[in-house]
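Asks: The following block contains a protein sequence and its predicted model.
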Amino acid sequence: MKNLEQIQNFDNENFVHPWESMKDVGNNTRMFAEAAEGIYIYDENGQKLIDGPGGMWCVQIGYGRREMAEAISSQILKLPYYSPWNMSASPSAMLAKKLAELAPGDLNHVFFTTCGSTAVDSAIRFVHFYNNVLGRPEKKKVISREHSYHGSTYLSASVSGKSRDKDWLDTANELVHFLPDVNPNRRPEDMSLETFLEEKVADLENAIITLGAENVGAFIAEPVMSSGGVIIPPKGYHKRCLEICRQYDVLYISDEVVTAFGRLGHWFSSKEVFDIEPDIITCAKGLTSGYVPMGACIISDRIFSKISGDNAHGATFSNGYTYSGHPVSSAAALKNIEIFETEGLLEHVREISPYFLQRLEDLRKLPLVGDTRGVGLVGCVEGRIVDPENPDALVLDIEMGSRIDKHCQELGLIVRPLWNMCVFSPPLIITPEQIDDMFNILEQGIIRTAEELRQEGLWKG
């Protein structure tokens, strides 16, 4: 085994990480995750840390599940791979059937992908394919929302609305139209929530009318805008938007990469939480609890039937991946779902969420905290703008998040700083006592950061 310094050098010299800061290449001092169990990760020094973000919103069943390892290894020994182009395998077919049963309404057609990005990419390609087969080649524009995140492939990044992610990368700008911010906490002080809702729904309808319904293929929306800061639209927003999409023959894509598989206490949140049955659902992450990569694009009978069978016009949906429906990933997903069912994880999330959200809200008492918001087992703590008049305000906000992250890590908690925000999506197996540990550490991290900023004259709160 190489010594730690050598391995850190390998990381700096050879591993290009996602969202890599080119300025810092070769000089990073990242924490190394070397082991994990339950809701905890152990770093290179053996320190035990609560995994606040649950990996990347994905480790639903927790780490170190022997039954998951056995299901994966058993499938590897039996059949590690098959070509999805000209054959199938039992785990893939069984998983497709299971997902069709769990998905709302008539979403019965499952296209397997490698992750959330490729699930969204495939959904958009299917929208284009669908309208081409129907003889509507101009009906291709996608309407999305500011602050949304849908992935890192070219198409999924194009429909993502986080502007800073696009500072140095090109996207298909001609493909997408973005609606304004739907964060109800950002509405004018004198505007009621009902008026804000009407305005946001009108944004969608006005966009369709302006662009021309004959040019708009789909509206894509996360039920909760997770990477954008856990933004929860006002109640009724999604249902009203779906009604408008139906009115103008625009497909509705519900991006449930984060919100599916228990994060909000249900298999899928579209129907159970937000009362919609979309045309397409994309999912990944919690599908396998992060143990192996996999995603899926689930398509409704309503639209699938219009371009298949006697309505196919000889068309082929020529989109796919070497690892579509991978048998090992399928076996892992089936075991993951089985664990959910046998351990009652959905019920556990619904039972424990109120306490998680109450502890989250309690942090508002801290002067450095500007807002808290959440639903199910996903939440965000947003810091106050340190100095809104300062031209370097963004730099200071990023610094705030970094400092909170540093203090929390020293105390035994991993947070995911997004500028001046910390987001949380812990493993669904978390207990009330562990929720207390998590938020107690976060509170101390925020207090220490506030004191530092005061001492350095960067904040007077």
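Replies: Looks like it arrived, so ask away.

Asks: what residue ranges in this protein are flagged as low confidence?
Replies: Along the chain, segments meeting pLDDT under 70 span 1-2, 385-395.

Asks: biggest helix in it by residues?
Replies: In the chain, assigned by DSSP state H, the helix with the most residues is helix 432-455.

Asks: Sort out which residues of that one are buried, please.
Replies: For helix 432-455, the neighbour count (16 or more other CB atoms under 10 Å) marks 434-435, 437-439, 441-443, 445-446, 448-450, 452-453 as buried. In short, each C-beta sits where N, CA and C put it, glycine included.

Asks: ok, now stretch 96-108?
Replies: Quick answer for stretch 96-108 (16+ other CB under 10 Å): A96, K98, L99, L102, A103, P104, D106, L107, N108.

Asks: And for stretch 226-236?
Replies: S226, S227, G228, G229, V230, I231, I232, P233, P234.

Asks: Pull up the distance across it, start to finish.
Replies: From its first residue to its last, stretch 226-236 covers 18 Å (CA to CA, to the nearest Å).

Asks: And for that stretch, what's in contact with it?
Replies: Under the criterion CB atoms under 8 Å, 6 or more residues apart in numbering, residues 57, 147-149, 161-162, 181-184, 193, 196-197, 200, 222, 224-225, 258-259, 373-375, 378-380, 382, 418, 421, 423, 425 lie in contact with stretch 226-236.

Asks: how far is it from where the chain is centred?
Replies: Relative to its parent chain, stretch 226-236 has a centroid offset of 12 Å by CA atoms, centre = their mean, to the nearest Å.

Asks: Stretch 403-415 too?
Replies: Worked out by CA atoms, centre = their mean, stretch 403-415 lies 22 Å from the chain centre.

Asks: Could you list which of the contacts of stretch 226-236 belong to helices?
Replies: Per DSSP H, the contacts of stretch 226-236 map to helices at W57, L193, F196, L197, K200.

Asks: ok, what's across the strand from the nearest residue to I280 once chain neighbours are set aside?
Replies: Excluding the flanking residues, the one nearest I280 by CB to CB, 6 or more residues apart in numbering is I253, at 4.6 Å. Taking DSSP bridges as the rule, I253 bridges to I220, I280.

Asks: I253 is in contact with V127, isn't it?
Replies: Yes: counting by CB atoms under 8 Å, I253 does reach V127; the two are 7.5 Å apart.

Asks: Which neighbours do those two have in common?
Replies: A218, I280.

Asks: Between these two, point out the one with more neighbours.
Replies: I253 (29 against 23; other CB atoms under 10 Å).

Asks: The more buried one and P184: what is the separation?
Replies: 22 Å (CB to CB, to the nearest Å).

Asks: now E361
Replies: 16 Å.

Asks: tell me the domain boundaries of the protein?
Replies: Following automatic domain parsing, one finds the domains of the chain at 31-64+344-455, 67-343.

Asks: Just send these back as JSON lines, with distance to V25 too.
Replies: Formatted as JSON lines, the domains of the chain follow (distance: least, CB to CB, whole Å):
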{"stretch": "domain 31-64+344-455", "distance to V25": "18"}
{"stretch": "domain 67-343", "distance to V25": "14"}
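
Asks: looking at those domains, which is closest to V16?
Replies: Relative to V16, the nearest member of these by CB to CB is domain 67-343, separated by 13.2 Å.

Asks: distance between the closest one and the chain's centre?
Replies: Distance, centroid of domain 67-343 to centroid of chain: 11 Å (CA atoms, centre = their mean).

Asks: which of E361 and P184 has more neighbours?
Replies: Between E361 and P184, counting by other CB under 10 Å, P184 is the more crowded of the two (18 against 14).

Asks: what sits against the more buried one?
Replies: P184 neighbours (CB under 8 Å, 6+ apart): L193, F196, I232, P233, P234.

Asks: What of I208?
Replies: Per CB under 8 Å, 6+ apart, neighbours of I208: I143, V216, I244, Y248, V250.

Asks: so the first one touches H177, yeah?
Replies: Just to be clear, that refers to I143. Yes: in this structure, I143 is within contact of H177 by CB under 8 Å, at 5.1 Å.

Asks: and for those two, which residues touch both?
Replies: With CB under 8 Å, 6+ apart as the test, I143 and H177 both reach A207, L211.

Asks: Of the two, give the one with the bigger neighbour count.
Replies: I143 (23 against 18).

Asks: Where do the strands of the stretch 101-250 of the chain begin and end?
Replies: For the stretch 101-250 of the chain, the strands defined by DSSP state E, counting those that start in this stretch cover 107-113, 141-145, 176-179, 216-221.

Asks: Quick one: closest of those strands to G295.
Replies: Taking the strands of the stretch 101-250 of the chain one by one with CB to CB, strand 107-113 is closest: 4.0 Å.
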